[in-house]
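Chemist: no sequence on hand, only this structure:
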């Protein structure tokens, strides 16, 4: 059975720079090699929906369940290096963020990963390119299975989008999802995407409102 776009699959993978070191994996023995704190567990994603590298998606569509080695040029992996992303920044910015700018150090600067190249006086040269940009990479991919359970698919997709395990249930033609108030507007942005992938309408229930309703109902019952 060939894999196709919008199929959900479960994979084990290890990514390495061609001829070099491992930089990503979800396999315990390989995570240990790079001293990663990430939990070793199979990764579930939807083919062709930007949940993995596009080069991996394009390769796997049309393939069978099994093991593969995929070599990706920079333009199909993490992109080519962009000289405009190497910037000179004043030292005071690092002082404000309580960061000691040492050449070679990597830090998260307002959500952007950056590497310090040089420190000279009151100026710091910073590289905001992805650390793997401009490099050919090789992925060892093992497709374990195609996921058929709709609940497992929705769970994987929502965790990818929202970085949280949101509670939901399927009611006829709807996915009813429990969402905290601060996240409601963000989740609403993906209504069309849920409809496109699952052919189900996304209905959002604010958790705070649900709690209030329960409290009111409890008071009525206690009268």
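Modeler: Good, I have the coordinates. Model, not experiment: these values are computed from the prediction. Residues are numbered from 1 along each chain as shown.

Chemist: count the neighbours of the spatially closest residue to residue 112 that is not a sequence neighbour for me.
Modeler: Nearest residue to residue 112, sequence neighbours excluded (C-beta to C-beta, 6 or more residues apart in numbering): residue 128, at 5.6 Å. Just so you know, the C-beta spots here come from the backbone N, C-alpha and C atoms, and that holds for glycine as well. Other residues near residue 128 come to 15 when the count uses other C-beta atoms under 10 Å.

Chemist: so residue 128 touches residue 85, yeah?
Modeler: Yes: using C-beta atoms under 8 Å, residue 128 is in contact with residue 85, at 4.2 Å.

Chemist: quick one, helices of this structure?
Modeler: Counting by DSSP state H, residue ranges of the helices within the chain are 28-33, 54-60, 91-96, 150-162, 184-188, 191-198, 207-222.

Chemist: which of these sits closest to residue 6?
Modeler: Shortest distance between residue 6 and the helices of the chain, using C-beta to C-beta, is found for helix 191-198: 6.1 Å.

Chemist: thought residue 126 was touching residue 116?
Modeler: Yes: in this structure, residue 126 sits in contact with residue 116. The criterion is C-beta under 8 Å, and the distance is 5.9 Å.

Chemist: pull up the overlap in contacts between these two.
Modeler: With contacts taken as C-beta atoms under 8 Å, 6 or more residues apart in numbering, not a single residue reaches both residue 126 and residue 116.

Chemist: find me the pLDDT at the residue nearest to residue 112, would you?
Modeler: Confidence at residue 128, expressed as pLDDT, is 94.

Chemist: OK, contacts around residue 22?
Modeler: Applying C-beta under 8 Å, 6+ apart as the definition, the contact partners of residue 22 turn out to be 14, 15, 16, 30, 33, 34.
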